[in-house]
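Chemist: compute the structure for the input listed below.
(one chain, ligands or ions: 3)
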Amino acid sequence: MGARPVHGVPSTVTRRTILFGTAAATLLASAGCVPYSRDAINTVGDITFNNPLRIPALAASTVDGDGVRTFDLTAHAGTTEFLTGKQTPTWGFNRSYLGETLRARRGEKVRFNVRNELDETTTVHWHGMHLPAEMDGTPHQPVRPGGQWHPHWTIHQQAATLWYHPHPHGETEDHVNNGLAGMFIIDDDESDRLDLPGRYGVDDVPVIVQDRSFDDEGEFTTSYRGINGFLGDNLLVNGTYAPYLDVQTDLVRLRILNGSSARIYNFKFDDGRRFDLIGTDGGLLDRPRQMKNIVLSPAERAEIIVRMKPGSRTTLRSAPQELGAGFLTTGAGGNDRMDVLQLRARPALEPGGPLPARLAAVEPLRPDASATKREFVLDGIEINGKQMDMGRIDTVVPASNLEVWTVRNVAGQPHNFHIHDVQFQVLEVDGHAPPPELTGSKDTIFLPGKSAARIAVPFGTYTNPRVPYMYHCHLLWHEDRGMMGQFTVVDPDQVESAPRTLNMKEMHSHE
Ligand code: C2O
Ligand code: CU
Ligand code: CU
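Modeler: Ligands and ions are numbered 1, 2, ... in the order given. Predicted structure coming up:
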């Protein structure tokens, strides 16, 4: 792809470099190493919201006689018009930018015909999914240009808003920034019985938030790179610049995904209204929680319910907390004020009932004193002093083990921590009970500088001593540079004998 963003080497002078003002900063910017203490971005009041929010189509699927639901998913290059009259070279799954929304039910068998029509190797990882390691779409399951891959598994987890994206080692930020990312919605009987807004694209709306920068030709540029990677100065929602949502019902459910590579959002509404948080990464909470704001670091999700009055408007915004958030997210956009999405209610709205008082039956995980404990220290771009080595297994976990992991960010800069294959529960944050947004199932937890969390991690029964899963920082530039480790899940009596190294030549020779 000719217009593929090149790390740190802007080909044209961008708005960003002009914004710096000083010659020194411009020099630094053109050398690709920009100080992260640049002026805060403020787009509040500058956005006209003249584009209807694009809704990624639900991907078609077929169900065969054995009940296997099969999807075709093709990664390809194309162009997308974000800015009027400008065609941006982009990548997408079944569309020119982002991916179609996948949807399947708990208990269902799913299968994918993944095709790679790009001219470089990619992978498709099912973020938040409990599944066998061979199906996980990590760097160990590369799909070569022109190649195919046919992962399949049975869905064994509660209704949730998951997502999918590439995971090629060292290239994830690039591939996601070019547009490869989509939502994966799981339904189940329990959530179907709840009276929640559920018409896709009408009152149950995907909101994939990403920051992007454009050059004069309308091409993506990633020239602004701080210590946490790329930070864009414009927001796209589902690939829509300056979006508004035409609201037809008095309750609207937003499934918000932070699909950005480094930017950390503190979402709230411009009028300070409260909303109900009903779900997080791994599914619905036990009950709705009234909130005024929610912080999402890259890859985290939040399902919220917003109440609208006929004819009213409100704007979803990301802005610093009165105290602290900017500091907590240094170098990740925490001081920026950016308008995200305008909700525009029609003059007459379909009424919705009150929200159910109880949502999901979330069984609290209560590891006892004898539970396996592990510690993960995040510093620089290392985990426990190491960088990713695809040939090294860092952690071997016995199947069905409920473990307690302590994750400590000892650095001043923000990180987060994502674990493949599991949905964990947060026991403690900095020694305190978790806040409302961390009371449900999570696969990614934000760790501001100098913070720590204790989490209960329920490992499942899929075993494979030779194919690892990953845990990593989901700030994609950190991940790409190796802030990642590998773990296998094995039969409990094989923990000692399981391999600690992998022969990469052997593993990838058949591809
Ligand atoms: Cu969303 Cu290992 O990733
Ligand atoms: Cu993942
Ligand atoms: Cu990080």
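Chemist: contacting residues around the one residue in the stretch 51-200 of the chain that gets nearest to ligand 1?
Modeler: Nearest residue of the stretch 51-200 of the chain to ligand 1, counting by CB to the nearest ligand atom: residue 127, 3.5 Å away. C-beta: built from backbone N, CA, C; applies to glycine. Counting by CB atoms under 8 Å, 6 or more residues apart in numbering, residue 127 touches 162-165, 184, 299, 418, 443.
Chemist: give me phi/psi at it?
Modeler: The phi/psi pair for residue 127 (degrees, to the nearest 10) reads phi -70, psi 120.
Chemist: returning to that earlier point: nearest to residue 172 among the contacts of residue 127?
Modeler: residue 165 (7.4 Å; CB to CB).
Chemist: re earlier: and the gap between the residue of the stretch 51-200 of the chain closest to ligand 1 and residue 346?
Modeler: Distance of residue 127 to residue 346, given as CB to CB, to the nearest Å: 34 Å.
Chemist: please apply the same query to residue 113.
Modeler: In this view, residue 113 and residue 346 are 40 Å apart by CB to CB.
Chemist: near ligand 3, which residues of the chain are found?
Modeler: Within reach of ligand 3 by CB under 5 Å from the ion, the chain has these residues: 415, 473, 475, 478.
Chemist: number of residues surrounding residue 430?
Modeler: The number of residues packed near residue 430 is 11, by other CB atoms under 10 Å.
Chemist: and what of residue 373?
Modeler: Other residues close to residue 373 by other CB under 10 Å number 12.
Chemist: so it sits against residue 407, correct?
Modeler: No: with contact defined as CB atoms under 8 Å, residue 373 does not reach residue 407; the gap is 11.8 Å.
Chemist: got the contact list for the closest residue to ligand 2 within the stretch 251-400 of the chain?
Modeler: In the stretch 251-400 of the chain, the residue that lies nearest ligand 2 is residue 299 (7.3 Å; CB to the ion). Going by CB under 8 Å, 6+ apart, residue 299 touches 127, 163, 257-259, 416, 418, 443-444, 474.
Chemist: before we move on, which element is the nearest residue to it once chain neighbours are set aside in?
Modeler: Leaving aside its sequence neighbours, residue 299 sits nearest to residue 474 (CB to CB, 6 or more residues apart in numbering; 4.1 Å). Using DSSP states H and E, residue 474 falls within no helix or strand.
Chemist: look at residue 391 and say how many residues are nearby.
Modeler: 12.
Chemist: looks like it contacts residue 505 (just checking).
Modeler: No: with contacts counted by CB under 8 Å, residue 391 stays clear of residue 505, the gap being 9.5 Å.
Chemist: who's residue 470 bridged to?
Modeler: Counting by DSSP bridges, residue 470 is bridged to residue 486.
Chemist: so what pairs up with residue 501 in the strands?
Modeler: With DSSP bridges applied, residue 501 shows beta-bridge pairing to residue 392.
Chemist: verify the stated contact: it with residue 393.
Modeler: Yes: at 6.9 Å, residue 501 counts as touching residue 393 under the criterion of CB under 8 Å.
Chemist: between these two, who's got more neighbours?
Modeler: Using other CB under 10 Å as the criterion, residue 501 and residue 393 rank with residue 393 on top: 20 against 9.
Chemist: so who does the more buried one touch?
Modeler: Here residue 393 is in contact with 468, 486-488, 498-502 (CB under 8 Å, 6+ apart).
Chemist: returning to what we had before: between the residues of the chain next to ligand 3, which sits nearest residue 219?
Modeler: The closest of these, once distances to residue 219 are taken by CB to CB, is residue 475, at 23.5 Å.
Chemist: residues touching that closest one, list them.
Modeler: 228-229, 261-262, 297-298, 332, 414-416, 483.
Chemist: any weak-confidence spans in the chain?
Modeler: Flagging of the chain using pLDDT under 70 yields the residue ranges 1-38, 322-328, 508-511.
Chemist: could you pull out the helices in it for me?
Modeler: Ranges of helices in the chain, per DSSP state H, are 15-20, 23-30, 172-178, 189-193, 325-328, 476-480, 504-508.
Chemist: got the residues of the protein near ligand 1?
Modeler: With CB under 6 Å from any ligand atom as the criterion, the chain meets ligand 1 at residues 125, 127, 165, 167, 299, 418, 420, 470, 472, 474.
Chemist: so which of the contacts of residue 127 comes closest to residue 190?
Modeler: Of all the contacts of residue 127, residue 190 sits closest to residue 162, with 16.6 Å by CB to CB.
Chemist: domains for the protein, by residue range?
Modeler: The record's domain split for the chain, according to automatic domain parsing, is 51-190, 196-350, 373-507.
Chemist: so which of those domains is the most surrounded?
Modeler: Among the domains of the chain, domain 196-350 has the highest mean neighbour count (mean count of other CB atoms under 10 Å), at a mean of 21.
Chemist: show me how far that one is from its chain's centre.
Modeler: Centroid separation for domain 196-350 versus its chain: 13 Å, with CA atoms, centre = their mean, to the nearest Å.
Chemist: same thing with stretch 53-61?
Modeler: Centroid separation between stretch 53-61 and its chain, computed with CA atoms, centre = their mean, is 18 Å.
Chemist: show me the contact partners of that stretch.
Modeler: Counting by CB under 8 Å, 6+ apart, 69-73, 94-95, 98-104, 182-183, 200-201, 205-206, 208, 237-240, 243-245, 341 sit against stretch 53-61.
Chemist: among the residues you listed, which lie within strands?
Modeler: Among the contacts of stretch 53-61, the subset assigned to strands under DSSP state E consists of 69-73, 98-99, 102-104, 182-183, 205-206, 208, 237, 240, 243-245, 341.
Chemist: export only the CA atoms of stretch 353-362, formatted as CSV.
Modeler: Taking Å, rounded to 0.1, in the frame of the first residue of the first chain, the C-alpha atoms of stretch 353-362 are listed here in CSV:
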residue,chain,number,x,y,z
GLY,A,353,-39.1,1.4,30.0
PRO,A,354,-37.0,1.8,33.2
LEU,A,355,-33.7,0.0,33.1
PRO,A,356,-33.7,-3.4,34.8
ALA,A,357,-32.5,-3.3,38.3
ARG,A,358,-30.4,-6.4,37.9
LEU,A,359,-28.4,-7.2,34.8
ALA,A,360,-26.1,-10.2,34.6
ALA,A,361,-25.5,-12.8,37.3
VAL,A,362,-21.8,-12.1,37.7
